[in-house]
Structure formats: C-alpha cells, structure tokens
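A.B. asks: give me coordinates for this.
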Amino acid sequence: MKKDQVDDTEMVKNHRLAAEQGNAEAQLNLGKFSSNDILTPEDLKAALYWHDLAQRSGSQGNPDAQAALGDLYSQAGREEPPQDSERALDWLRKATEQGNAEAQNKLGDAYYNGEGVEKDQAEAVKWYRRAAEQGHPKAQHNLGLAYFHGEGVAEDKAEAAKWHRLAAEQGRAEAQFSLGGAYFFGLGVKEDQAEGVKWLRLAAVQGEPEARFYVGQAYWEGAGVTEDKAEAVKWFRLAAEQGHADAQHNVGVAYDSGLGVEMDKTEAVKWFRLAAEQGRAEAQNNLGLAYRDGEGVEEDKAESVKLFRLAAEQGLAEAQLNLGVAYRFGNGVEEERAEAVKWYRLAAEQGHASAQFNLGLAYHFGQGVEENKSEAAKCFCLAAEQGHAKAQYNLGLAYELGEGVEENKTEAVKWYRLAAEQGHPKAQFKLGNAYAFEDGVEEDIDEAAKWFYLAAKNYKRDM
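C.D. replies: Numbers count the residues shown, from 1 in each chain. As a prediction, this is how the structure comes out:
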C-alpha cells in the first residue's frame, strides 16, 4: 500500500472516531468522503447517514450538511438514496434559510432547470445572486451566464464579464473560459486577444476541453499570441483526447497538411474519423476526401459518397459540392446529372464559388438542367466576383461571344485579365489575342507577346 493511501485510511479512521463522539465537522467530512468517493469506495448510504447526523447539530441544524443532503436527494441514477426532488428542495431550503451559499446556488439550479419546481429563470437568478454576493464561485459564474444570455435578467455583457471575473479570480475554470472568450471577442469588455488567451490558458491548464481548443485556435491563427502551429497542435490534441470533436478535426487537419506535425495521412484519417463519428460535418467531408482519393486509407468511392452525404445534409457547402461532383461523374454512385445539379445549387446558394461555377457549366451545356446561357452567365459572374479563375475565363468568353449576356469585348478583356493574372493559360492566350488584334483593348504587340509567352509556359506546365 502506498504511503498516501495509508495516510488517507488513517485520516478516515480518525474522522470516524471523532464522528462517533458526536463531532459535527467530522460527521460532515465523512459524509463528503463517502458521497464523493474521495478516499473510500462510493457508499451513499454512509453519506446519507453521516450527513443526517451532522445536520442535527445546532439549533437550526448544520447548513452545510443540509445542503449536502439536498444535493444527494437531487441526483438521478442512484439506488440509495433514490432521487427525491421534494426532499432535496426541503433540505436546500432549510440550508438557504441560514444563508448557506452552496444551497442557494443549488436552489438556483433547481429553478433554472425546473427540477422539483416550475422552471423560473428569474427566481434562479435571485438565488444565484444571493450565493454570488457571498463569493460562491460557481454561483458567480452562473449569474454571469444569466446576464450573458439574458436569462431571468436583462442581457448585459458587461455585467456578465464582471461576475465571470470574480469567479475566474477564484480559479473557477468555466469562468476563466467565459472571461477569456469575453476578452477575445470584445463581449462586455474591450477586445484584447492577448488578455483573452491569458484567461483561456488558465482554464485550459485545469483541463477545460473547450478552453484547450480555443488556446489551440489562438496559436494556429496567431491571435493574441505569436503563431505557432506546433503549440496549437499540442492544445488541440489535449482537447481531442477528451473527445472534443472540433479539436479532433483540427488535429486531423494538422496531420493532413503537415502543419505543426510531420504529415501523416493515416493519422489524419484516425482523427477525422473520431470527429466524424460525433457528427462534425467538416470531418465527415475530409474523411470522405480521404476515401475518395485513397489517402491514409484504402480508396473507397462509395464510402466517400456516404460521408459527403452526411456532411451535405448538415448543410456543409463543400460537401454538397463534392457530392454533386460524385453524381456528375459517377464516382461511388450511379451518374445522375440532375442530382448533381441539385447539390451544386444548394452549395451555390451558400455562395460557394466552385459550386456556382459548376452550376454555370450545367446550365451552359444543358447537363442535368435545361440549357440556359443567361443563367449560366449569372452563375459564372457570381463565382468570378469571388476570384474563381475558371469562372472569370468563362464569363469573359460569354461577353466575347454574346452568350447569355450582350456582347462586350471590353468587358470580356476585363475578365480575361483577372483570370490571366491568376495564371489561367486559356485566359492568358485570349488576352494576348485581344492585344494583338485590338479586340476590346488598344493594340499592343509587346503586351500581346508577354501574354502569349505566359500562356505557352503555363500550357506546358499543365500538360
């Protein structure tokens, strides 16, 4: 037996001797040991027994023991004592009458959740405030949340930050996280990302998974701290190992891209799968890409479609595009161009440039939808305005040929130029032609030669 275990056993023995002699504090501590499984196996009958003895001390009973009894009776899923909301509230009220902050906070929880009483957020706030004003950190955090969300009290982000700070300064991890978020996003306090990261890190060190995730995000993006991908991955991994889906996805992204860690597609798939199984749409999409391309896992187009669909049905535009492409080319599913158009449209309506471009192609060629050059040009324009080079080229072509829009050579040159500057070889060739034959722009042989050279160079590179 280890020394600390011997010491712990001796401490329980000493408490028991004192408790049996009627020492209320020892009785209370024995009840806590039993109910919390701190030193001995969980024994709630013993907890009930010792707390009941402890609460009999004093003219009104021991408020700490009364609060503990209220807590015991309020918890579901136990055989002994069974959950009994009425008895729980009775004990909590007895403790609150003596000003017990723990009981006040728990009574606030009862009203907030509607446990044994009718749900009443305003009444919950009343009890949270009473406990918070006594310095109870959990109640301070709860009161801060009430102000933050406007639950039971008028929304007031500054007041929320005030109460979260009081709890955070007492080391309450959830409050440190809330205060960190307030500073990071300027909610109720002046935005200060460095201060935000400071509080988030304090919560993260205590094991708060959401805080660990956000500290990772801060290092990944260089927000409030110097960008450090390796440090970001360290925090993401800590949160991921606690089951945090977003963190699991981000660890996958790191391994997939080789940022912050050595690239490892198999490891990326492992983390994407964990996040995907929790329903994280981006992870489902990335796992789908891995199956589609056979990266980190054996290629399986049908599995990729299944995963794209899961993410697409959650509204993820990238997955909707990928599912559309699968239907367009029959990758993992029977080719069905009308179905492809359906998914392109859903992604396009969310502003996804590549989906807008693909939808434009469908309208232009009448694939899966009735041919409509005007609608095609509208789709190309939407994507082109977002900087999509292929869409810019196709929009230029539409203006040059007057397909779906009124012929306008100057406008055609404008869009060819934008695509050409991104290295699009066909656009570079078209721009060279425009300069060579004074088509929508003044003749300039040197400029024409420049663009012809770039087009030839890029055609060769793309071969």
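A.B. asks: tell me which stretches of this structure form strands.
C.D. replies: Assigned by DSSP state E, the strands in the chain number zero.
A.B. asks: quick check, Glu231 in contact with Tyr219.
C.D. replies: Yes: the pair formed by Glu231 and Tyr219 meets the contact definition of Cβ atoms under 8 Å, at 4.4 Å. To be clear about C-beta, it is placed using only N, CA and C from the backbone, and glycine gets the same treatment.
A.B. asks: out of those two, which sits in the busier spot?
C.D. replies: The neighbour count for Glu231 versus Tyr219, taken as other Cβ atoms under 10 Å, is higher for Tyr219 (24 against 17).
A.B. asks: pLDDT at that one, what is it?
C.D. replies: Listed pLDDT for Tyr219 reads 98.
A.B. asks: and for the one 4 residues further on?
C.D. replies: For Ala223, the model assigns a pLDDT of 98.
A.B. asks: my guess is it contacts Ala194, does it?
C.D. replies: No: using Cβ under 8 Å, Ala223 makes no contact with Ala194, being 9.1 Å away.
A.B. asks: of those two, which one has the most company?
C.D. replies: Ala223 (15 against 12).
A.B. asks: just want the most central residue of this protein.
C.D. replies: Centroid-nearest residue in the chain: Asp246, 5.1 Å away (criterion: Cα atoms, centre = their mean).
A.B. asks: now do that residue against Asp90, distance only.
C.D. replies: Asp246 sits at a distance of 42 Å from Asp90 (criterion: Cβ to Cβ, to the nearest Å).
A.B. asks: point out where this protein drops to low pLDDT.
C.D. replies: 1-62, 64-65, 67, 69-70, 72-73, 75-84, 460-463 (pLDDT under 70).
A.B. asks: burial of Glu318, as a residue count?
C.D. replies: The burial count for Glu318: 21, using other Cβ under 10 Å.
A.B. asks: check contacts around it.
C.D. replies: Applying Cβ atoms under 8 Å, 6 or more residues apart in numbering, we find Glu318 in contact with 282, 285, 311, 347, 352.
A.B. asks: from these, which ones fall inside helices?
C.D. replies: Under the assignment DSSP state H, the contacts of Glu318 contribute 282, 285, 311, 347 to helices.
A.B. asks: so who does the nearest residue in space to Glu411 that is not next to it in sequence touch?
C.D. replies: Leaving aside its sequence neighbours, Glu411 sits nearest to Tyr399 (Cβ to Cβ, 6 or more residues apart in numbering; 4.4 Å). The neighbours of Tyr399, taking Cβ under 8 Å, 6+ apart as the test, are 405, 407-409, 411-412, 415.
A.B. asks: OK, contacts around Tyr128?
C.D. replies: 104-105, 108, 139, 142-143, 146.
A.B. asks: hang on, the earlier thing: what distance do you get for the residue nearest to Glu411 to Asp228?
C.D. replies: Tyr399 is 47 Å from Asp228, by Cβ to Cβ.
A.B. asks: and if you look at Ala139?
C.D. replies: In terms of Cβ to Cβ, Ala139 sits 37 Å off from Asp228.
A.B. asks: cool, His249 as well?
C.D. replies: 19 Å.
A.B. asks: how about Glu407?
C.D. replies: For Glu407, the distance to Asp228 - Cβ to Cβ - is 54 Å.
A.B. asks: ditto for Ser257
C.D. replies: 15 Å.
A.B. asks: go on, Glu155?
C.D. replies: For Glu155 relative to Asp228 (Cβ to Cβ), the value is 36 Å.
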